[in-house]
Each structure stands twice: as structure tokens, then as C-alpha cells.
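Q: Give the three-dimensional model of this entry:
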Amino acid sequence: MDIWYTSDGFSNALIAMQERYQFDGILVNLHGRPADWRKHVVKTEDRNREKYIWWKDGNYTKFPKDDNPHYYQKDGSRIFPALEDINPEMLYYIDPWQISGITYPFTWDFDKELRPKKDFFPPYINDTLKKVIKKSKNLVSVHGEVYSPFSQFLEFLNYEPALMALLIDPGKSQACLEALTEGTIQLGILEAKCGADAILISSAFAGSGFISRELYEEFVQPYEKKVIGGIKAVHDIPVYTHTCGGIGDRLDLMMETGTNGIDTLDPPPLGTVDLADAIAQTKGKVFIKGNIDPVNELLHGSKEIIEKAVTERLKIAKPGGGYIMSTACSVSPRTNPGSIGFLSRITRELGQYE
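A: Sure, this is the predicted structure:
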């Protein structure tokens with residue numbers, strides 16, 4: 001709970017992981033939290049290795065043993081607005097991981113008052129980022145994160161209704177994405193102002209497993225291009241893009257947004273990226289990051305398999321630079337920490353330049 005609900009808890013956890021595994025950077029992918037969040041708690045309860053928090057509004061949050069927590073209504077449901085009920089002019093930015101779940105109109109962390117767009121983000125929004133920057137003492141690269149307009153749209157409506165909305169009412173869907181782009185730019189500017197070394201656009205659901213290349217060009221690319229341009233117009237800072245899964249068919253479209261880098265290059269069978277092909281398309285244009293299979297090579301792999309995977313990726317991507325060794329997308333919660341440590345160590349040993 002302290003890690004999830006406090007800026008100190010999460011920033012300390014990020015610093016501890018960086019030091020344990022000797023990572024070269026830290027991505028701050030949860031925003032700051034209100035200091036008084038506990039005043040909304042009625043009780044906490046442990047049930048078979050799962051924790052529950054009961055809130056004063058009658059709803060509750062469940063902490064599964066191997067997943068992020070989720071906020072539920074009293075009856076166990078989760079609330080998502082319908083497209084027909086949304087006024088795009090009421091949208092600015094949607095944070096799917098704020099304490100009290102998704103609301104419409106969107107309000108922050110049990111605060112029922114709507115904030116005007118000129119003062120939309122609460123004062124604590126970047127507290128965690130600021131703490132990580134201070135605690136890291138400029139020894140590693142610290143990155144802020146914003147959700148892409150497309151990711152916000154899918155989290156807001158829930159995935160299936162949001163994907164259907166693209167086909168049923170593309171005009172209103174685009175109006176929503178346009179409105180969310182404005183807020184995303186503003187948050188990225190605020191993160192850069194705090195001293196972040198780079199900004200990541202999290203656009204996880206924009207691969208071919210969700211939408212076609214054609215729909216990507218219509219509903220993702222234009223808005224991410226505006227986000228990148230909007231941030232860079234105010235701050236000279238690298239902005240890069242995370243999209244997992246099947247992106248082998250759209251690396252060129254991703255680069256056309258003006259992104260500085262592409263993360264996480266999932267290999268088959270998790271994704272569709274062949275690293276050699278990715279190098280051929282991106283060399284000298286953007287940096288790339290990832291491609292280690294977190295399931296078959298890290299979760300289930302032996303040290304021999306991990307070392308072979310690292311050696312193969314470095315042979316392809318190390319010459320000329322521009323490659324960051326990393327797993328492809330998320331590390332499974334059940335991965336042996338020793339395997340992560342070995343991946344980091346063997347990369348440092350084999351990845352040094354003369």
C-alpha cells in the first residue's frame with residue numbers, strides 16, 4: 001500500500017530496484033499521490049495473500065498477489081462511461097491508475113470538484129518524479145511518463161467498447177483523442193519542467209494485436225505526433241514511445257511521429273519484431289530498446305538461455321550504438337529476481353564498448 005499510495009513509498013522502491021539491479025535509468029510510471037489519502041480509508045483487510053481497502057464512499061480496492069490493484073464499486077463492478085454519454089469538450093487527461101478509479105467527468109483521487117484546464121493537474125502530480133530525481137543524485141537517467149491519447153481512450157471506455165467506438169463513431173472518437181492530446185502535452189511539459197531527462201509516451205495498446213496499420217495511421221499516429229511536437233516546442237528533451245506486441249509492421253509510422261526512440265520491440269511469439277529488421281529500419285533515426293523475451297527467456301529461461309539471448313541481441317544491435325538492452329515489455333511478477341540480476345550483469349559484461 002505504501003508503494004502504491006505514497007510518493008515516498010514508490011520513489012524509494014524505484015531507487016531500491018535501480019540499485020539492486022544496476023539499471024541505467026528509472027522510469028517513473030505512477031504519478032504523485034495526495035498526502036492525505038488515508039483519510040478516505042475505513043479499514044484494510046487481508047484475505048488469502050490479497051489485501052482489500054474499504055473506502056468511505058463504500059467502494060473498495062483489491063490488491064491481487066501478482067497484479068496491480070483495482071478499484072471496484074460496492075457490487076464488485078467497475079464503472080466505464082459510454083461513448084454516447086461523453087462530451088469531448090469535458091476531456092483533458094485520464095489517469096487510469098489514480099486512487100479512486102476512472103470517473104467522468106474526470107476528477108482526481110476522491111476530489112469531486114472539477115479542475116479547470118488551466119489548473120487541471122493537482123499540485124502533487126509530479127511529487128514522485130521530483131523525489132526520484134533528487135534521490136538518484138544525477139547518477140542515472142530519470143524519465144517521466146504520460147499515457148498516449150489512444151491508451152487513455154481505451155482505459156476510459158474499456159477496451160472492447162473503445163475499439164468498437166473507432167468503427168461505430170470515428171468522428172467522436174477523434175474528437176475525444178484530440179481533447180486528450182491537449183492535456184497529455186501539458187503533463188509532458190510539467191514533467192520536463194521538473195527536470196526529467198526524457199519523457200515516455202505509453203501507448204501499449206497500439207500494436208497489431210489491437211488495431212490494424214490503417215487504424216494506427218488514423219487514430220494513433222496523428223495524436224502522438226502532436227504530443228511529441230507539443231512537448232518539444234517548450235522543452236528540448238527526448239520523447240520516446242512505448243508500444244508492445246505487434247509493431248513490426250509499423251516501425252516506419254512510429255518514426256514519422258518524430259519520436260526519439262521505440263520501446264520495447266517484442267520478439268515472436270510475444271510480438272512481431274525481428275531485431276535485425278528493426279535495426280535496418282531505425283539505425284541513425286531513433287534509438288531502440290528491448291527485445292529480450294520476458295517469458296521464454298527470462299521467466300522460464302536458465303542462465304545459459306539468458307546469456308545466449310543477450311549475446312545474440314548484442315551481436316545484432318551493439319555495433320554503432322543506439323540500442324538499449326531491456327526485456328520486451330513487462331517483467332512477469334513471478335520472475336526469479338536472480339534472473340533479472342543475471343541479465344543486468346551479463347549485459348554490463350558483454351555490452352561494454354572498447
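Q: How about the secondary structure of Ile3?
A: Following DSSP: H, G, I helix; E, B strand; the rest coil, the label given to Ile3 is helix.
Q: Which phi and psi values does the nearest residue to Ala317 once chain neighbours are set aside adopt?
A: Residue nearest to Ala317 in three dimensions, not counting chain neighbours: Tyr323, with 3.7 Å by CB to CB, 6 or more residues apart in numbering. For every residue, glycine as well, the C-beta is placed using N, CA and C. In terms of degrees, to the nearest 10, the main-chain angles of Tyr323 are phi -120, psi 130.
Q: Got the confidence number for Tyr323?
A: Predicted confidence (pLDDT) at Tyr323: the value is 97.
Q: What is the neighbour count of it?
A: 24 (other CB atoms under 10 Å).
Q: Pull the contacting residues for it.
A: With contact taken as CB atoms under 8 Å, 6 or more residues apart in numbering, Tyr323 is in contact with Ile279, Phe287, Ile288, Lys289, Arg313, Ala317.
Q: TSV for those residues, including neighbour count and distance to Leu167?
A: Compiled in TSV, the contacts of Tyr323 are given as follows (neighbours: other CB atoms under 10 Å; distance: CB to CB, whole Å):
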residue	neighbour count	distance to Leu167
Ile279	17	35
Phe287	17	34
Ile288	25	32
Lys289	22	32
Arg313	23	38
Ala317	24	37
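Q: which of the residues you listed sit farthest apart?
A: Farthest-apart pair in the contacts of Tyr323 is Phe287 and Arg313; separation 14.1 Å (CB to CB).
Q: Okay, buried residues for the helix or strand harbouring Met164 please.
A: According to DSSP states H and E, Met164 maps onto helix 159-168. Within helix 159-168, the residues scored as buried using 16 or more other CB atoms under 10 Å are Ala162, Leu163, Ala165, Leu166.
Q: Then stretch 178-186?
A: Within stretch 178-186, the residues scored as buried using 16+ other CB under 10 Å are Ala179, Leu180, Thr181, Glu182, Gly183, Thr184, Ile185, Gln186.
Q: quick one: it to chain centroid distance?
A: Counting by CA atoms, centre = their mean, to the nearest Å, stretch 178-186 is centred 16 Å from the centre of its parent chain.
Q: what's the average pLDDT for that stretch?
A: According to the model, stretch 178-186 has a mean pLDDT of 98.
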